[in-house]
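1. No letters, just coordinates:
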Ligand code: ADP
Ligand code: MG
């Protein structure tokens, strides 16, 4: 049975930090159109802090320790609304991963389900409100279906990635009703939501790491 270990989790967060850092300017530009242009900075600082917090942990740690450290690091680093949303997501994932040093890789989609639930319960946004929920929810549905149908992990991850990408694209034709861009009303139409785009990037990295044959 292939496993998701604490070494894999630390590596995942390093990948997330570097991918998001490389997309910082693009995310700021998107947020500049319908928000306050700080989303790239928030996400870059959040994931850098989360990864650093994980790397600072001692060797004898569990997946839950790592995800809780990521949550704390992210929250402390980010003043924008994405801070508490991702912090809650990581805390929920920590609960699902539990006090284990590794978990079967076929349970990894459950971490995505937990993260999506955390974001929804923290932000109270629903699908169609032009937020990151428009990416996390369809990705979570794909994860649940894939697990229920006992699909191979690579196939589940491919479906998650696909659902996330089309979810991000779907925000273009939505009018924002939650968060900062809600003030724009109909003027938010025609632009993708920055939080949805970064969510698709996060899920793309997870799908890449966890869906790879033979794993890492
Ligand atoms: P801020 O709006 O405080 O500047 P960011 O720029 O970091 O925060 O993040 C903006 C993103 O946060 C939005 O694009 C949207 O996807 C997401 N967002 C805002 N409010 C909510 C909410 N209530 N639930 C889920 N996501 C939200
Ligand atoms: Mg912003």
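-> Yes, it's here. Please read all numbers here as calculations on a predicted model, not as lab measurements. Ligands and ions are numbered 1, 2, ... in the order given.
2. Write out the residues of the chain neighbouring ligand 2.
-> 31, 35-36, 38-39 (CB under 5 Å from the ion). Every residue, glycine included, has its C-beta placed from N, CA and C.
3. Can you add secondary structure and pLDDT and give those back as a markdown table?
-> A markdown table is the format used below for the residues of the chain next to ligand 2 (DSSP: H, G, I helix; E, B strand; the rest coil; pLDDT from 0 to 100):
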| residue | secondary structure | pLDDT |
| --- | --- | --- |
| 31 | helix | 97 |
| 35 | coil | 95 |
| 36 | coil | 96 |
| 38 | coil | 97 |
| 39 | helix | 98 |
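4. Of the residues you listed, grab the buried ones for ChimeraX.
-> This is the ChimeraX syntax for the buried subset of the residues of the chain next to ligand 2, where burial follows 16 or more other CB atoms under 10 Å:
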select :31,35,38,39
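5. Nearest to ligand 1 among the residues of the chain next to ligand 2?
-> residue 39 (3.5 Å; CB to the nearest ligand atom).
6. With adjacent residues omitted, what lies nearest to that closest one?
-> Of all residues not flanking residue 39 in the chain, residue 31 sits nearest, at 3.6 Å (CB to CB, 6 or more residues apart in numbering).
7. I figured that neighbour was touching residue 43, is that so?
-> No - at 9.7 Å, residue 31 does not count as touching residue 43 under the criterion of CB atoms under 8 Å.
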